[in-house]
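Q: The following comprises the amino acid sequence and a computationally predicted model.
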Amino acid sequence: MEDKRVVRATRKNSFVGALTQEFKDNSFETGYTQVLPNPDVVLRKLGKSTVDLGDLLADTTVAAAVARRKSGTFQKKWVLDGEGPFAEEVLTLLKRLGIRKIINQILDTPLYGVQFIEIIWEVGERYFVPKELRTKSLEKFGFDDKTGAPVYAPTLGSPEPLPEYKFLICQNDARAINPYGEALLSRCYWPVTFKKVAMRNWATFTEKYGTPYVVVNYDPQATDSSVEDVIATLEDMVSDGLIAVPHGIEPKPFKVGESGSVEIYNRLISAMNAEINKSLLGHAAGMEITPGKLGNDTQTENSTDSVVDADSELVEERINALIQMIWEVNSEASDLPVFRFVEEERTNREFAERDQILSNMGVSFSAEYYESKYGIPQEHFEIKPPQPATMFSEQVAESPDGWDSLLDSAAAEAVEQSPDAIKGILSKIKSVITSSNDFAEAQKKVSQLLPELDTTDIQSLMHRQFFASDVAGRMSQAIEQRNSRGKE
């Protein structure tokens with residue numbers, strides 16, 4: 001029976017020449033004749049390559065959405081399940097290579113559809129392990145049009161098959177007809193392009209119409225030279241605000257352009273930013289989550305969680321593929337360690353707030369309910385029975401004017417919070433009015449401003465007051481019915 005150490009050393013030596021060096025042209029035999037073109041619709045029609053998609057990251061909205069998407073996976077805790085020397089070696093290796101760097105390389109896959117990560121190997125003290133992971137340029141790699149196998153496809157020369165254990169290939173939603181995967185940045189191309197055009201036109205519009213003009217009214221009897229002298233004087237007037245003009249010539253500032261014209265560009269840019277966020281984050285709320293204005297926050301949060309979970313699964317699958325490569329190259333006999341993320345406990349905020357309100361009203365829940373709803377084992381908590389004096393309905397019913405006190409408290413809260421809720425709205429309206437020349441102009445500007453005002457705080461405040469009033473009315477009616485039945 002052959003010594004395992006001899007087999008391992010022989011296998012290591014056979015890989016040293018090919019795997020410890022960077023992959024270069026004509027390193028292996030060529031047997032492929034044609035590379036499958038990337039079927040991406042946008043890239044194909046524009047005559048661009050996947051490499052060109054990287055230019056879209058210069059857009060601030062794209063860059064911010066990508067950073068936010070990746071941060072969801074970066075924040076997750078991870079563990080390596082496994083015991084023994086090999087598992088310890090892999091754990092040390094992941095930390096040495098930089099787990100955050102590895103995750104970041106893999107998370108670029110959804111952006112471009114595919115990533116080719118080259119593995120530079122080295123002979124360690126006990127195992128043959130990766131020394132470095134390098135993300136390669138996509139323009140030189142592709143897939144064989146017949147077999148779908150990954151190939152090295154330089155601009156000149158025949159495609160070459162990739163050596164075994166040399167590349168970690170990551171794909172996003174790849175299929176047999178499209179091994180290049182789905183590139184999310186491709187979906188952002190037109191929104192980013194339209195936004196650039198809108199911003200350029202907006203800048204031109206601002207430069208052309210944002211600065212007030214000076215209109216010179218002159219007497220028909222004035223000479224051409226005197227008018228030209230005044231115009232030259234006005235053009236030279238930069239730091240001084242004083243000029244002398246002949247009698248009969250009256251320069252006046254004249255401002256053109258309306259806020260409605262500017263709003264067209266602003267709405268187009270906002271719409272394109274929403275499309276970018278939907279492509280990269282799965283929802284239009286993007287970087288600004290405003291309750292009551294941009295839709296259901298719970299749906300937005302769930303959408304983002306789904307995207308992060310999908311990215312996390314991709315990272316787990318590819319890192320485990322890397323670990324399996326190391327395991328196979330070393331002919332390791334021990335169990336294969338597994339990399340995975342640790343899911344943290346999540347509390348449903350919506351149900352927690354609802355249960356808190358109901359508890360304050362005197363509703364009690366069973367231990368089974370808390371365990372099923374929040375996933376907390378019953379042995380980790382205890383339910384204390386509420387004191388009769390603290391029951392919501394009885395506390396209010398003890399006093400004849402208890403419900404009036406409840407409504408007075410709700411009204412006092414509304415009065416206390418109202419200034420903060422309407423402060424921002426009033427400041428905008430005041431600014432519009434003070435910048436108007438007459439009442440008609442102010443009325444027009446205010447009517448244009450109203451649809452754009454954010455009334456979220458006022459809506460939230462009114463919602464709470466309506467809810468308190470509704471609960472007080474229902475409880476008051478229930479107590480009155482109970483008292484009337486008692487008298488009968």
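A: On my side now, so go ahead.

Q: contacting residues around residue 129?
A: 89, 93, 121-122, 326 (Cβ atoms under 8 Å, 6 or more residues apart in numbering). Every residue, glycine included, has its C-beta placed from N, CA and C.

Q: element containing it, please.
A: Assigned by DSSP states H and E, residue 129 falls within strand 128-135.

Q: Sheet partners, orientation included, of that strand?
A: Neighbouring strands of strand 128-135 in its sheet, by DSSP bridges, are strand 114-123 (antiparallel).

Q: which intervals of the stretch 151-300 of the chain have sub-threshold pLDDT?
A: 155-157, 209-216, 218-219, 221, 234-261, 284-300 (pLDDT under 70).

Q: can you rerun that using 50?
A: 286-287, 289-296 (pLDDT under 50).

Q: mind listing the strands for it?
A: Secondary structure of the stretch 151-300 of the chain (DSSP state E, counting those that start in this stretch): strands at 160-161, 167-171, 213-218, 249-254.

Q: quick one on the thing from earlier: buried ones in the strand holding residue 129?
A: 128-130, 133, 135 (16 or more other Cβ atoms under 10 Å).

Q: Which one of those is nearest to residue 55?
A: residue 135 (16.9 Å; Cβ to Cβ).

Q: and that closest one, what does it touch?
A: Residues in contact with residue 135 (Cβ under 8 Å, 6+ apart) are 105, 108, 115-118.

Q: Quick check: the farthest pair among these?
A: 108 and 118 (14.2 Å).

Q: quick one on the thing from earlier: taking strand 167-171 as reference, get the angle to the strand holding residue 129.
A: Relative orientation of strand 128-135 and strand 167-171, computed by axes from the mean of the first three to the mean of the last three Cα atoms, to 10 degrees: 50 degrees.

Q: Next, count neighbours for residue 49.
A: When neighbours are counted by other Cβ atoms under 10 Å, residue 49 registers 13.

Q: now residue 81
A: Using other Cβ under 10 Å: residue 81 sits among 11 other residues.

Q: Can you get me a residue count around the closest residue to it other than its chain neighbours?
A: Excluding the flanking residues, the one nearest residue 81 by Cβ to Cβ, 6 or more residues apart in numbering is residue 338, at 4.6 Å. Residues lying near residue 338 (other Cβ under 10 Å) number 16.

Q: Return the residues in contact with residue 338.
A: Contacts of residue 338 by Cβ under 8 Å, 6+ apart are 80-82, 320, 323.

Q: mind redoing it with 10 Å?
A: 79-82, 87, 90, 316, 319-320, 323-324 (Cβ atoms under 10 Å, 6 or more residues apart in numbering).

Q: how far away is the nearest residue to residue 154 once chain neighbours are set aside from residue 107?
A: Closest residue to residue 154 apart from its sequence neighbours, by Cβ to Cβ, 6+ apart: residue 140 at 5.2 Å. Distance, residue 140 to residue 107, using Cβ to Cβ, to the nearest Å: 22 Å.

Q: do the same with residue 52
A: 20 Å.

Q: Looking at those two, which is more packed in?
A: Between residue 52 and residue 107, residue 107 has the larger neighbour count (other Cβ under 10 Å), namely 22 against 17.

Q: Give me the nearest residue to the more buried one, chain neighbours excluded.
A: residue 70 (5.0 Å).

Q: where's the one you found relative to residue 130, distance?
A: 22 Å.

Q: Ok, residue 75 next?
A: 25 Å.

Q: likewise residue 275?
A: 39 Å.

Q: cool, and residue 355?
A: 50 Å.

Q: Residue 145 now?
A: 30 Å.

Q: Kindly report the same for residue 325.
A: Taken as Cβ to Cβ, the span from residue 325 to residue 130 is 8 Å.

Q: which residues do these two both contact?
A: Residues touching both residue 325 and residue 130 (Cβ under 10 Å, 6+ apart): 19, 119, 121, 165, 168.

Q: Now neighbour count and distance to residue 308 too, for these, in TSV please.
A: Shown next, in TSV, are those (neighbours: other Cβ atoms under 10 Å; distance: Cβ to Cβ, whole Å):
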residue	neighbour count	distance to residue 308
19	23	33
119	21	26
121	22	32
165	18	30
168	21	21
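
Q: and which of those residues is nearest residue 440?
A: Closest to residue 440, out of all of the shared contacts of residue 325 and residue 130 and judged by Cβ to Cβ, is residue 168, at 68.4 Å.

Q: beta partners of that closest one?
A: Under the criterion used (DSSP bridges), residue 168 bridges to residue 117.

Q: these two touch, right, it and residue 120?
A: No: contact criterion Cβ atoms under 10 Å: residue 168 and residue 120 do not qualify, at 11.5 Å.

Q: re earlier: tell me the spacing between the residue nearest to residue 81 and residue 165.
A: In terms of Cβ to Cβ, residue 338 sits 19 Å off from residue 165.

Q: Tell me both backbone torsions, phi and psi, for residue 80.
A: phi -120, psi 110 (degrees, to the nearest 10).

Q: again but with residue 336, I slipped
A: Torsion angles, degrees, to the nearest 10, at residue 336: phi -80, psi 120.

Q: How about the contacts made by it?
A: 81-82, 86-87, 90, 320, 323-324, 326-328.

Q: so how far is residue 317 from it?
A: 14 Å.

Q: How about residue 229?
A: 78 Å.

Q: coming back round to it: what about the residue nearest to residue 107, neighbour count?
A: The number of residues packed near residue 70 is 19, by other Cβ under 10 Å.

Q: Please look at residue 446 and residue 425 and confirm they touch.
A: No: the pair residue 446 / residue 425 is not scored as a contact, 11.1 Å apart, by Cβ under 10 Å.

Q: could you give the mean pLDDT of the helix or strand in which residue 78 is found?
A: Using DSSP H and E, residue 78 falls within strand 77-81. In this model, strand 77-81 has a mean pLDDT of 94.

Q: Could you do stretch 133-142 as well?
A: The model assigns stretch 133-142 a mean pLDDT of 92.

Q: how about that stretch as PDB, C-alpha atoms only?
A: Extracted in PDB, the C-alpha atoms of stretch 133-142 (Å, rounded to 0.1, in the frame of the first residue of the first chain):
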ATOM      1  CA  LEU A 133      -6.900  35.100  -5.500                       C
ATOM      2  CA  ARG A 134      -6.900  37.400  -8.500                       C
ATOM      3  CA  THR A 135     -10.000  38.600 -10.400                       C
ATOM      4  CA  LYS A 136      -9.200  38.500 -14.100                       C
ATOM      5  CA  SER A 137     -10.400  40.900 -16.800                       C
ATOM      6  CA  LEU A 138     -13.600  39.500 -18.400                       C
ATOM      7  CA  GLU A 139     -12.700  40.600 -21.900                       C
ATOM      8  CA  LYS A 140     -10.200  37.700 -22.300                       C
ATOM      9  CA  PHE A 141     -12.500  34.900 -21.000                       C
ATOM     10  CA  GLY A 142     -15.600  33.300 -22.300                       C
END
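
Q: Pull out the buried positions in it.
A: 133, 135, 138, 140-142.

Q: do stretch 426-446 as well
A: 428-429, 432, 442, 445.

Q: Same question for stretch 268-284.
A: Buried residues in stretch 268-284 (16+ other Cβ under 10 Å): 268-269, 272-284.

Q: Helices - which of those land there?
A: Secondary structure assignment by DSSP state H places 268-269, 272-281 of those in helices.
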